[in-house]
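A.B. asks: give the three-dimensional model of this entry:
(2 chains)
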Amino acid sequence: MGKKTYITTTLPYVNADPHIGFALEIIQADIYARFLRERGGEVFFNFGTDEHGQKIYEKAKENGEDTQAYVDRYAAKFDALKKALNLTYNNFIRTTDPHHIMAAQEFWKRCNANGDIYKKNYKVKYCVGCETEKTDSDLVNGCCPDHSNRQLEIREEENYFFRYSKYGQKLLDLYNNNPEFVVPSWRLNEVRKFVEGGLEDFSISRLRTKMPWGIDVPGDPDHVMYVWFDALVNYVSAVGWPDRMEEFDSWWPVVQFAGKDNLRHQSATWQAMLMSAGIAPSKKIFIHGWVLGGGGQKMSKSLGNVINPFEVVEKYGGDALRYFLSREMTPFEDGDFTEARFKEAFNAGLANGLGNTSSRVLKMAESYLPGPVTVGEAEIPALYSKYIEGLELNKAMDLIWSKLSEMDSIIQETQPFKLVKTDKDAAAKIVTDLVKRLFSISKMLAPFMPETSAKIEEAIKANNLAAPLFMRLE
RNA sequence: GCCGGCGUAGCUCAGUGGUAGAGCACAUCACUCAUAAAGAUGUGGUCCCAGGUUCGAUCCCUGGCGCCGGCACCA
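C.D. replies: This next block holds a predicted model:
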């Protein structure tokens, strides 16, 4: 049995359909998981949906839908990513699962037992015009931007608070002792700066009368947990905490994948919560950038530049999308996804590159060799592994493509297609070597483009390429 | 406003104290094992602007302009 690794994405909040940006996150995680398994490791890969809270409650109401029915529908939509993107997560957790609810309550109790939860009056700014509460970031010059003529009301209610302020130094110690705790390093700096600025306790409950769609606070039926306090606990409840501790201990700590908008929640808030509950911190957190819609603009309905991952897959295939997101995106920075860019990358990398090179090698193999090549062990450069371990997926892909281009050079220089007329054995030897190289490439490609990799290996085994891998798009 | 980052070929990005590179795109040539693909050659840059340090700066320093991110209860 290989080394065990537990990885998880964030849980998308089910108030919108799956977005291409989330596809990036889960594809990164899936590549990482497949890579670890390829080298013999055992992986627990967690994914799921975050289903509590105000917004969901309201959205379901808007739709005139039962809240549970609403979240069921959305959970299914997200779980559909598995097939579309060819994902290998083995656990789909929902924060409405009974086991998770129990775990969240137990987590609360542990924090409480540790003296980190207390009741306090919570001052809420309320706009009578909107009839909703406002946070400071909602306000412009201290007023509601939609009702600047009205005075905000200050309403008070009792809430439970989490003693976040207690964990500032401990978090800084965590960061300083683990310089690769957050990757890339500049994101670690960002969160460190935030923590250095001082932490304030925050509210972790809501009055049930105002917002019933949440997990009960243990011992206080008037309150439910604030949604993300419960949601974060999924990372431990997914692997058996608190009732199956042997299982939990065999997997924890976790390697997390999250977007830059989640930096603080995952690398500060959640870590403080773990400390409070007496659980070891996460192992590592990879922070990716956003997928933008061209010209550095966010995708939005009004700009008409929204890319639906399901549509891309239907049109171009799951591997093509995985290719684009892993090679054409810089893993930690924002990147543009436009159909024009996608097609360009598809033609250059998949049709002209991988597809054509595979085709020329396999056709020669079929014509010149008496049977399939015995490929032996794949040759995987150390650099390849190093790149993936650091989630530098684009670099790993570039490395693979440089190997492809090496093959083209070899064919160009040795001309086995001419040599075969004068020296069949010499030509066969060259082609055999090329097939072995192609095999190594397919092995390296496997985590990124599993279907294509499998097709190449089948073709090598059969000594026949049944169909072209990728045809040029017009 | 405060803190941080960035500004290099049409696009995406590397890079170095000694007057710049890759991939893609584009053009030409040429070839045929291959998917009009691969290959060779080439077009293309005042390395944001201005000052300073230096024998010499795209790289160091200062200022300016432009863009982006963060500045907590949206998850």
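
A.B. asks: measure A:Y118 to A:D201 for me?
C.D. replies: Taking Cβ to Cβ, to the nearest Å as the measure, A:Y118 falls 8 Å from A:D201. Quick note: C-beta positions are derived from backbone N, CA and C, even for glycine.

A.B. asks: mind showing which ranges of the stretch 51-200 of chain A have poor pLDDT?
C.D. replies: The model of the stretch 51-200 of chain A has pLDDT under 70 over residues A:128-150.

A.B. asks: now the strands for it?
C.D. replies: Counting by DSSP state E, counting those that start in this stretch, the segments of the stretch 51-200 of chain A that form strands are A:91-94, A:117-127, A:132-134, A:153-162, A:182-183.

A.B. asks: the stretch 251-400 of chain A too?
C.D. replies: Counting by DSSP E, counting those that start in this stretch, the stretch 251-400 of chain A has these strands, from start to end: A:254-259, A:284-288, A:291-292, A:335-336.

A.B. asks: then the second one to PDB, C-alphas only?
C.D. replies: Once non-C-alpha atoms are left out, strand A:284-288 reads as follows in PDB (Å, rounded to 0.1, in the frame of the first residue of the first chain):
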ATOM      1  CA  LYS A 284      -0.900  22.500   2.500                       C
ATOM      2  CA  ILE A 285      -3.200  24.900   0.700                       C
ATOM      3  CA  PHE A 286      -2.900  25.600  -3.000                       C
ATOM      4  CA  ILE A 287      -4.400  28.900  -4.000                       C
ATOM      5  CA  HIS A 288      -5.400  29.300  -7.700                       C
END
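
A.B. asks: let me see the contact set for A:F78.
C.D. replies: Contacts for A:F78 (Cβ atoms under 8 Å, 6 or more residues apart in numbering) come out as A:P12, A:V14, A:P18, A:F47, A:G48, A:T49.

A.B. asks: next one: A:S358
C.D. replies: A:S358 neighbours (Cβ under 8 Å, 6+ apart): A:L438, A:I456, A:A459, A:L465, A:L469.

A.B. asks: about what we covered before: possible to save the strands of the stretch 51-200 of chain A as TSV with distance to RNA strand B?
C.D. replies: Below are those laid out as TSV (distance: least, Cβ to the nearest atom of the strand, whole Å):
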stretch	distance to RNA strand B
strand A:91-94	13
strand A:117-127	7
strand A:132-134	7
strand A:153-162	7
strand A:182-183	13
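
A.B. asks: CSV for these, including mean neighbour count?
C.D. replies: Formatted as CSV, the strands of the stretch 51-200 of chain A follow (neighbours: other Cβ atoms under 10 Å):
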stretch, mean neighbour count
strand A:91-94, 19
strand A:117-127, 15
strand A:132-134, 16
strand A:153-162, 16
strand A:182-183, 24
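
A.B. asks: closest to A:S326 out of those strands?
C.D. replies: strand A:182-183 (16.0 Å; Cβ to Cβ).

A.B. asks: what strands line up against that closest one, and which way round?
C.D. replies: Take DSSP bridges as the rule and strand A:182-183 pairs in its sheet with strand A:284-288 (parallel).

A.B. asks: what's the burial count for A:K260?
C.D. replies: Neighbourhood size, A:K260 [other Cβ atoms under 10 Å]: 16.

A.B. asks: you'd agree it is up against A:R187?
C.D. replies: Yes. The criterion here is Cβ atoms under 8 Å, and A:K260 meets it with A:R187 at 6.9 Å.

A.B. asks: before we move on, the earlier item: need the overlap of contacts for A:Y118 and A:D201.
C.D. replies: Common neighbours of A:Y118 and A:D201, using Cβ under 8 Å, 6+ apart, are A:F161, A:R163.

A.B. asks: ok, the closest residue in space to A:V312 that isn't next to it in sequence to RNA strand B distance?
C.D. replies: Leaving aside its sequence neighbours, A:V312 sits nearest to A:L321 (Cβ to Cβ, 6 or more residues apart in numbering; 5.0 Å). As judged by Cβ to the nearest atom of the strand, to the nearest Å, A:L321 and RNA strand B stand 17 Å apart.

A.B. asks: the contacts of A:F78 in strands, which ones?
C.D. replies: Among those, the members found in strands (DSSP state E) are A:F47, A:G48, A:T49.

A.B. asks: re earlier: looking at the strands of the stretch 51-200 of chain A, which is closest to A:F229?
C.D. replies: Nearest to A:F229, of all those, is strand A:153-162, at 7.3 Å by Cβ to Cβ.

A.B. asks: how many neighbouring residues does the residue in chain A that RNA strand B sits nearest to have?
C.D. replies: Of all residues in chain A, the one sitting closest to RNA strand B is A:G355 (1.9 Å; Cβ to the nearest atom of the strand). A count of neighbours around A:G355, defined by other Cβ under 10 Å, yields 20.

A.B. asks: then A:D79?
C.D. replies: With other Cβ under 10 Å as criterion, A:D79 counts 17.

A.B. asks: repeat that for A:K443.
C.D. replies: 20.

A.B. asks: mind listing what it touches?
C.D. replies: A:K443 neighbours (Cβ under 8 Å, 6+ apart): A:E38, A:A378, A:I380, A:S453.

A.B. asks: give the buried residues for the host helix or strand of A:K418.
C.D. replies: In the assignment (DSSP states H and E), A:K418 maps to helix A:416-422. By 16 or more other Cβ atoms under 10 Å, the buried positions in helix A:416-422 come out as A:P416, A:F417, A:L419, A:V420.

A.B. asks: those residues: which two are farthest apart?
C.D. replies: With distances taken as Cβ to Cβ, the most widely separated pair in those is A:F417 and A:L419, at 7.4 Å.

A.B. asks: quickly list what's touching both of those two.
C.D. replies: What both A:F417 and A:L419 touch, as defined by Cβ under 8 Å, 6+ apart, is the set A:A427.

A.B. asks: I'd like the ones in strands among the contacts of A:F78 laid out as CSV, including pLDDT, neighbour count and distance to A:L369.
C.D. replies: As requested, those are exported to CSV (pLDDT from 0 to 100; neighbours: other Cβ atoms under 10 Å; distance: Cβ to Cβ, whole Å):
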residue, pLDDT, neighbour count, distance to A:L369
A:F47, 96, 28, 43
A:G48, 96, 24, 48
A:T49, 95, 25, 50
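
A.B. asks: nice, that's everything, thank you.
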